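In: Could you look at this predicted model? Sequence included:
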Number of protein chains: 2
Amino acid sequence: MFGVRKDNIHKKGSRLARSPVDPRRALTLRDVSEASGVSEMTVSRVLRNRGDVSDMTREKVLEAARTLGYVPNKIAGALASQRVNLVGVVIPSLSNLVFPEVLSGISAELEDTGLQPVVGVTGYAPEKEETVLYEMLSWRPSGMIVAGLEHSDAARTMLQNSGVPVVEIMDVDGPCIDSVVGISHRRAGLQMAAEILAAGYRRIGFLGTKMPEDHRARKRLDGFQEGLAAAGVQLADTEFYSGGSALKKGREMTEAILRRTPDLDFLYYSNDMIGAGGLLWCLENGYDVPGKLGLAGFNAVDLLEGLPRRLATMDSCRREIGIKAAQIIAGHPHSGLIGGEVIELTPVIQPGDTIRRV
Amino acid sequence: MFGVRKDNIHKKGSRLARSPVDPRRALTLRDVSEASGVSEMTVSRVLRNRGDVSDMTREKVLEAARTLGYVPNKIAGALASQRVNLVGVVIPSLSNLVFPEVLSGISAELEDTGLQPVVGVTGYAPEKEETVLYEMLSWRPSGMIVAGLEHSDAARTMLQNSGVPVVEIMDVDGPCIDSVVGISHRRAGLQMAAEILAAGYRRIGFLGTKMPEDHRARKRLDGFQEGLAAAGVQLADTEFYSGGSALKKGREMTEAILRRTPDLDFLYYSNDMIGAGGLLWCLENGYDVPGKLGLAGFNAVDLLEGLPRRLATMDSCRREIGIKAAQIIAGHPHSGLIGGEVIELTPVIQPGDTIRRV
DNA sequence: CCCAGTGCCGTTACCGCTAACATAGATGAG
DNA sequence: CTCATCTATGTTAGCGGTAACGGCACTGGG
């Protein structure tokens, strides 16, 4: 309320005047407007390609912005326009190979919608998921893509109240918040069981992760067991692991389970990576695959193509899932919250060379 | 300037009054403040744990925020405080396996600094890198971590003018913008050449990616050739690929190069993935590894642990790089732009079982 | 009894940009 | 020539928070 302040008030509205030379300060619209001799609004219009601006003015402004090296401040823009071009993507892990592929589908589809994915990783921990969601929602994104259907109550509530379109991905076995895109892992397990039984295998072992938070793996196992049970068959043995190089673990687990239960005639792995390790181990140790011992994994990762034999697997439609999810978000009319899409993709069994032909 | 507007002015400062019931509208500080009977400022203080607030008030506010399900608006907060808790991380790819590991180092280190990584992927394309940088800088992040030293002029200028700390990672062979953390790929190539020559190999082939934008692979090759040249040895043959399953490509390339130049006694692969494919192919086809034919890759990915034989490789210190880079950003005093850190990590050769012992 | 110091909370003035409206000049129909 | 219409640009009022400061009730030392 003293001189200095009051004086400046006259300069431009109630804004303080800028010191003319302050190299450290980030540029604003104001700098560009002064450099090009038009109002801030006009500069804003030019930079966003919105509204009518004469070609001459446009050129002048672009030139000024370029030479100054101006980068717009989206924080201010977003606050003023109530629009944010970000889409939150929440996944459990990046090292899983599966999720980067989903991501790549999302990015590709979002590419020219002006929307941008922002990734958050939960490490399969519900509390971390909560934190990540909270953090993301606080940026008021245009949409959220979240892996899985299982969330804490708090997380679910946050998503519901957020007012942004939410797409849960990967899994369709359960109730969703808004929209879902995925496959039925239960059914995937069931199908694989049917395939294996049809090929005549009966002494079947399962090898998977110890993680109870990997609900999709669990559902596959559930479906698998159900499929076996329908034919009066039970799992003959199981082996679980956690952490470490999946390929190596696959070897170790395979050796362990076959040592414990030598008469197994099929090994169903919860993912291709441990499956590949198992396959290598079996081949090295002279097992007759698929004659005496069948093998199958899950995911259809492209690493399998380089193996000595093609492991039986099942495509989990990862890229497709990403694409569809992105389409739902991108196509979302800006306020008419329709939501409620449920898209179930159907994975296809790729029998490869590790299930014997009937 | 008409009735309706003027009337509202009296309600609360110059803010318009809210319609009391509008379920779709996102919550604001105001809602919490009204629900708890204190000012917005006090609510803000409570939610940020800043300044003095009595325990009673704090409880009241937290209670109200919780029951309403309030999520703060970081956009507004960031604009007002000129502080953003985001760190931009720009990498060429997520499917490379190497980058998720760097990322995991970054995340881990940033975990309890309040900073959050935001990932952008360039697909090895300079134009895309420019776009991604522009996009990220427009959110005024607290720091930027960018893979590689090679950028377009525009990109470099943007980063320099941005006023935020910049850490370039992975590679130290060249001039940097602000800080760097990485290894010398040239020296890595040199070292590997020395190792191979010391083991007595002389007819050496190189297998790598066709991508000219992968500067680090190129530098390794340069260093490798330089190392050979110093001993009067030249590359006997080379084979390049692009796209597809790296494991499979490794097989195909290995077959191709050995068919073309059967007397090769060593194959140097530009990454472990194709190296692994090559190793599998060589073993299947009865090559005497490492007696008659030596093999080496690069990166020390943990997939190698599951292979029938340990491929010679070199650790690229990925996680370590992520950690150091994050430390630089996190430790950056908020305004005293020191910068200029140069951290060179030293990769270690892991001879494995595919280079013969001397 | 006065006043500096402290704990707690409110007020004011922005942050940098954009929606919505206002306005000046050019244009064309009547 | 007048006035509605259109184009190109400017003005105003926020968006939802936070920094900085102000004020009030208490407290304790002089």
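Out: Now that the structure is in, tell me what you want to look at. Numbers count the residues shown, from 1 in each chain, chains lettered A, B, ... in the order given.
In: all contacts plus neighbour counts: C-alpha atoms, from now on.
Out: OK.
In: and the gap between A:His185 and DNA strand C?
Out: Taking CA to the nearest atom of the strand, to the nearest Å as the criterion, A:His185 is separated from DNA strand C by 43 Å.
In: For that residue, the count of nearby residues, please.
Out: A:His185 has 26 neighbours, counted by other CA atoms under 10 Å in any protein chain shown.
In: With adjacent residues omitted, what lies nearest to it?
Out: The shortest distance from A:His185 to any non-neighbouring residue, by CA to CA, 6 or more residues apart in numbering or on different chains, is to A:Arg220 (4.8 Å).
In: Show me what secondary structure element comes after the lowest-mean-pLDDT helix or strand in chain A.
Out: Across the helices and strands of chain A, mean confidence by mean pLDDT, DSSP states H and E is lowest for helix A:3-9: a mean of 29. Proceeding C-terminally, helix A:3-9 gives way to helix A:29-36 as the next helix or strand, assigned by DSSP states H and E.
In: Report the buried residues of that following helix.
Out: Buried residues in helix A:29-36, counted by 16 or more other CA atoms under 10 Å in any protein chain shown: A:29-33, A:35-36.
In: With just CA atoms, put it into PDB.
Out: Provided in PDB are the C-alpha atoms of helix A:29-36 (Å, rounded to 0.1, in the frame of the first residue of the first chain):
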ATOM      1  CA  LEU A  29       2.200 -13.900 -23.000                       C
ATOM      2  CA  ARG A  30       2.900 -10.400 -22.000                       C
ATOM      3  CA  ASP A  31       6.400 -10.500 -23.200                       C
ATOM      4  CA  VAL A  32       5.300 -11.800 -26.600                       C
ATOM      5  CA  SER A  33       2.500  -9.200 -26.700                       C
ATOM      6  CA  GLU A  34       4.900  -6.400 -26.000                       C
ATOM      7  CA  ALA A  35       7.400  -7.700 -28.500                       C
ATOM      8  CA  SER A  36       4.800  -7.900 -31.300                       C
END
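In: which residues touch that helix?
Out: Contacts of helix A:29-36 with the rest of the structure, by CA atoms under 8 Å, 6 or more residues apart in numbering or on different chains, involve A:39-40, A:42-44, A:60-61, A:64-65, A:68, A:70, A:72.
In: tell me the average confidence for whatever helix or strand comes next after that helix?
Out: Note on helix A:29-36: by DSSP H and E, the next helix or strand toward the C-terminus is helix A:40-48. Helix A:40-48 carries an average pLDDT of 96.
In: Where does pLDDT dip in chain A?
Out: Scanning chain A for pLDDT under 70 picks out A:1-24, A:333-339.
In: before we move on, which element is the residue in it that DNA strand D sits nearest to in?
Out: Residue nearest to DNA strand D within chain A (CA to the nearest atom of the strand): A:Ala80, separated by 3.0 Å. Assigned by DSSP H and E, A:Ala80 falls within helix A:74-81.
In: for the next helix or strand along the chain from that helix, packing partners?
Out: Counting by DSSP H and E, the element after helix A:74-81 in chain order, helix or strand, is strand A:86-91. In terms of contacts (3 or more CA pairs under 8 Å, 6 or more residues apart in numbering or on different chains; DSSP states H and E), strand A:86-91 is packed against strand A:116-121, helix A:126-137, strand A:143-147.
In: How far off centre is strand A:86-91?
Out: 7 Å (CA atoms, centre = their mean, to the nearest Å).
In: Then stretch A:151-164?
Out: When distances are taken as CA atoms, centre = their mean, stretch A:151-164 is centred 18 Å away from the chain's centroid.
In: That stretch and DNA strand D, are they touching?
Out: No: counting by CA under 7 Å from any atom of the strand, DNA strand D is not contacted by stretch A:151-164; separation bottoms out at 12.2 Å.
In: how about that stretch: buried residues?
Out: Along stretch A:151-164, these residues count as buried under the neighbour rule (16+ other CA under 10 Å): A:151, A:155-156, A:158-159, A:161-164.
In: repeat for stretch A:232-248
Out: A:233-234, A:236-238, A:240-241, A:245-248.
In: Take these and keep only those in strands.
Out: By the criterion of DSSP state E, membership of those in strands covers A:237-238, A:240-241.
In: quick revisit: got the CA coordinates for the helix holding A:Ala80 in CSV?
Out: Included here for helix A:74-81 are C-alpha records, laid out as CSV according to Å, rounded to 0.1, in the frame of the first residue of the first chain:
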residue,chain,number,x,y,z
LYS,A,74,-0.2,-24.7,-19.5
ILE,A,75,-0.8,-24.4,-15.8
ALA,A,76,-2.3,-21.0,-16.3
GLY,A,77,-4.0,-22.0,-19.5
ALA,A,78,-5.6,-25.0,-17.9
LEU,A,79,-6.8,-23.1,-14.9
ALA,A,80,-8.4,-20.4,-17.0
SER,A,81,-10.0,-22.8,-19.5
